[in-house]
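Enquirer: just a sequence and a predicted model for now, questions to come.
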Amino acid sequence: MFEHRGLALIKPLMDRLARPFASALLCWCGAGLAQSNTDALATTARHTAQAQLATFGEAGARRVNPAWESEGLPADKAPRTQFDWVQLGQDWALRLRTDGSYGLLRHAWQGAHPALLTWRWRLDAPLEKADITTREGDDAALKICVMFDQPLADIPVFQRVALTLARQVSGKDLPSATLCYLWDSRYPSGQVGSNPYSARVRYMVINGAASPLGQWRSHSRNLAADFAQLFGKESQLTPNVSAVVIGADSDNTRGRSLAYVQSLQWQTP
């Protein structure tokens, strides 16, 4: 899953350097590990981020807003997850489809964040073999992640060394902490934990095994409170955000999934 796994570069990098750490980096893939868009599009995303997260698309546009940059695994080692802006009933939504694939959409963000992150999502086809507690099953049919610029001094020494090494080898300013919200079909809502590849990526199951499929669920999360729950023993203050990521992957378990997301945005209380 993030790929949660860190975000992308890390599969090869993980295997050779800090395999545990790498997976987390995959999740961080939004950290610019994969270059799929032009510099102009990246600049547009950064400018948009100053005010608000960009919408996924406009009604009738039939394409995803380029402010959401698409990323896959290095050298496309797995097919890319399909992201489409589609009409669903009377509304429009971002559609995520996996088929033994990996992919994410990354929206750059610079600086502090409003208090709440809100969205609507639904899962129609889950990944039956996924298991977020194991490396072999580390896939996610639906996830939204926030990447933080956590101070290195706050990070446990071994993890700090692994992160520093990964940054040096990749030449990228990889995020030091990533918090992922998941829709998971194996574990219950409320479960929290660390990615099996790296403790720099931690998750919360927002919709779990008892959540019915094919139904919209709306969420509003207090980012500071969630960061404190998962990373509070390391950092007393919530760090600045560097990116918001939406992803879905099934490259480990070779499954297929289908999900939708709407109205992801920052909100003030």
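Expert: Okay, I see it.
Enquirer: quick one: residues contacting residue 96.
Expert: 81-83, 141-142, 246-248, 257-261 (C-beta atoms under 8 Å, 6 or more residues apart in numbering). (Glycine included, C-beta is placed from N, CA and C.)
Enquirer: quick check: pLDDT value at it.
Expert: The model reports residue 96 with a pLDDT of 98.
Enquirer: tell me the phi and psi of it?
Expert: When read as degrees, to the nearest 10, the backbone of residue 96 gives phi -120, psi 120.
Enquirer: specify the beta-bridge partners of it.
Expert: Counting by DSSP bridges, residue 96 is bridged to residue 83, residue 259.
Enquirer: state the distance from the spatially closest residue to residue 224 that is not a sequence neighbour to residue 261.
Expert: In space, and not counting its chain neighbours, residue 224 is closest to residue 238: 4.4 Å by C-beta to C-beta, 6 or more residues apart in numbering. For residue 238, the distance to residue 261 (C-beta to C-beta, to the nearest Å) stands at 24 Å.
Enquirer: cool, residue 101 as well?
Expert: 17 Å.
Enquirer: repeat that for residue 240.
Expert: 24 Å.
Enquirer: try residue 111
Expert: Residue 111 is 24 Å from residue 261, by C-beta to C-beta.
Enquirer: of these two, who's got more company?
Expert: Neighbour count, other C-beta atoms under 10 Å: between residue 111 and residue 261, residue 261 has more, with 22 against 10.
Enquirer: in terms of secondary structure, what does the helix or strand encompassing the more buried one contact?
Expert: For residue 261, the host element (DSSP states H and E) is strand 256-267. Applying 3 or more C-beta pairs under 8 Å, 6 or more residues apart in numbering; DSSP states H and E, we find strand 256-267 packed against strand 91-99, strand 116-125, strand 140-148, strand 241-249.
Enquirer: buried set for the first one?
Expert: Judged by neighbour count using 16 or more other C-beta atoms under 10 Å, the buried positions of strand 91-99 are 92, 93, 94, 95, 96, 97, 98.
Enquirer: kind regards, and thank you for your time.
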